[in-house]
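In: one predicted model, sequence on top.
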Amino acid sequence: MLYAPNSGSGMKVKLMEAFALGTPIVTTSDGVEGIAAEDGIHAGMCEDDQGLIDRTVELLNNPNLRQERRLKARY
C-alpha cells in the first residue's frame, strides 16, 4: 500500500487495517502519525516522491522484504 497524504491528523484507520491484514506499507510521517511504526522495520517511510517510489519498487521486487514487513507490522 502506498499512502502519501499531504498532512495528517491522528491515526489513520486505513493504515491500521493494512497493518492488521499484513499489507506492506510505504508512507510519509504524516501517514503514520499516532502509530508506533519505524522506517525500514514496520513500513517504508519517506517525505519525498522519489523516496516513496524507491521504497515501493523495492517492496515490489523483493518478496522476502514484503514478508518481513507483513510480520513486523502485525506486532
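Out: Now that the structure is in, tell me what you want to look at.

In: show me the strands in this structure, by range?
Out: All strands of the chain, identified by DSSP state E, fall at 2-3, 26-27, 44-45.

In: hey, which helix or strand in this protein has the poorest pLDDT?
Out: In the chain, no helix or strand scores lower on mean pLDDT, DSSP states H and E than helix 13-21, which sits at a mean of 90.

In: and the lengthiest helix in the chain, what's buried?
Out: Ordering each helix of the chain by length in residues (DSSP state H) puts helix 49-61 first. Taking 16 or more other CB atoms under 10 Å as the neighbour-count basis, helix 49-61 is seen to contain the buried residues 52, 55-56, 59. Where C-beta positions appear, they are placed from N, C-alpha and C, glycine not excepted.

In: ok, back up a step: just name the most buried of the strands of the chain.
Out: The highest mean neighbour count among the strands of the chain, using mean count of other CB atoms under 10 Å, belongs to strand 26-27: a mean of 26.

In: nearest residue to the middle of this structure?
Out: In the chain, the residue lying closest to the centroid (CA atoms, centre = their mean) is residue 25, at 2.7 Å.

In: wait, that residue sits on residue 3?
Out: Yes. At 6.6 Å, residue 25 counts as touching residue 3 under the criterion of CB atoms under 8 Å.

In: residue 47 and residue 22, how far apart?
Out: Counting by CB to CB, to the nearest Å, the separation of residue 47 from residue 22 is 25 Å.

In: so for these two, which residue has more residues nearby?
Out: A side-by-side neighbour count of residue 47 and residue 22, using other CB atoms under 10 Å, places residue 22 first with 14 against 10.

In: next up, the contacts around that one.
Out: Contacts for residue 22 (CB atoms under 8 Å, 6 or more residues apart in numbering) come out as 70-71, 73-74.
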